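Visitor: got a structure for you, letters missing:
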């Protein structure tokens, strides 16, 4: 999944203007991020044709902290350049490490449970990216 320069021109206004001596264009960075999202590979596993993985990762983190990625992906979906549909999200305890406090280690303060243990239920965590409504 890569976007063409024509498709990129429709979302380019969402991205920061490149200044100074940059080694890769914003289009290359966007295509590299889409590659990682599609294939689920590690950043170090990016093919060499995308350039230095660390440069791409650093720019992506900067964009994420500034809120650029949210705007960019909203615009990609609005323009129907990329269609994302998430049907299920699964978290597996073999790949997510838990802090010792969360694994039953003694705590300094006791937990304050509600009056009925049924009301507490099982602690749950599900993260879903923000999705746009269908146009």
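Guide: Here it is on my side, so go on. Owing to the predicted nature of the structure, the values given are computational and were not obtained by experimental measurement.
Visitor: Quickly find the element holding residue 36.
Guide: helix 26-39 (DSSP states H and E).
Visitor: now do residue 70
Guide: helix 68-78.
Visitor: What angle do helix 26-39 and that helix make with each other?
Guide: Relative orientation of helix 68-78 versus helix 26-39 (axes from the mean of the first three to the mean of the last three CA atoms, to 10 degrees): 80 degrees.
Visitor: Whatever helix or strand comes next after the helix holding residue 36 - what's its average pLDDT?
Guide: Using DSSP H and E, the helix or strand that follows helix 26-39 in sequence is helix 53-66. What helix 53-66 shows for mean pLDDT is 92.
Visitor: Go through helix 53-66 and flag the buried ones.
Guide: Buried residues in helix 53-66, counting neighbours by 16 or more other CB atoms under 10 Å, are found at 53, 55-57, 59-60, 63. Any C-beta I mention is one placed from the backbone N, CA and C, and that applies to glycine too.
Visitor: Next, format those residues as JSON lines and append distance to residue 21.
Guide: Below are the buried residues of helix 53-66 laid out as JSON lines (distance: CB to CB, whole Å):
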{"residue": "53", "distance to residue 21": "20"}
{"residue": "55", "distance to residue 21": "13"}
{"residue": "56", "distance to residue 21": "17"}
{"residue": "57", "distance to residue 21": "19"}
{"residue": "59", "distance to residue 21": "14"}
{"residue": "60", "distance to residue 21": "20"}
{"residue": "63", "distance to residue 21": "19"}
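Visitor: tell me which strands and helices the helix holding residue 70 is in contact with?
Guide: Judged by 3 or more CB pairs under 8 Å, 6 or more residues apart in numbering; DSSP states H and E, helix 68-78 is in contact with helix 5-11, helix 53-66.
Visitor: Which of these sits closest to residue 25?
Guide: helix 5-11 (8.9 Å; CB to CB).
Visitor: Mind listing what's buried along that closest one?
Guide: 7-8, 11.
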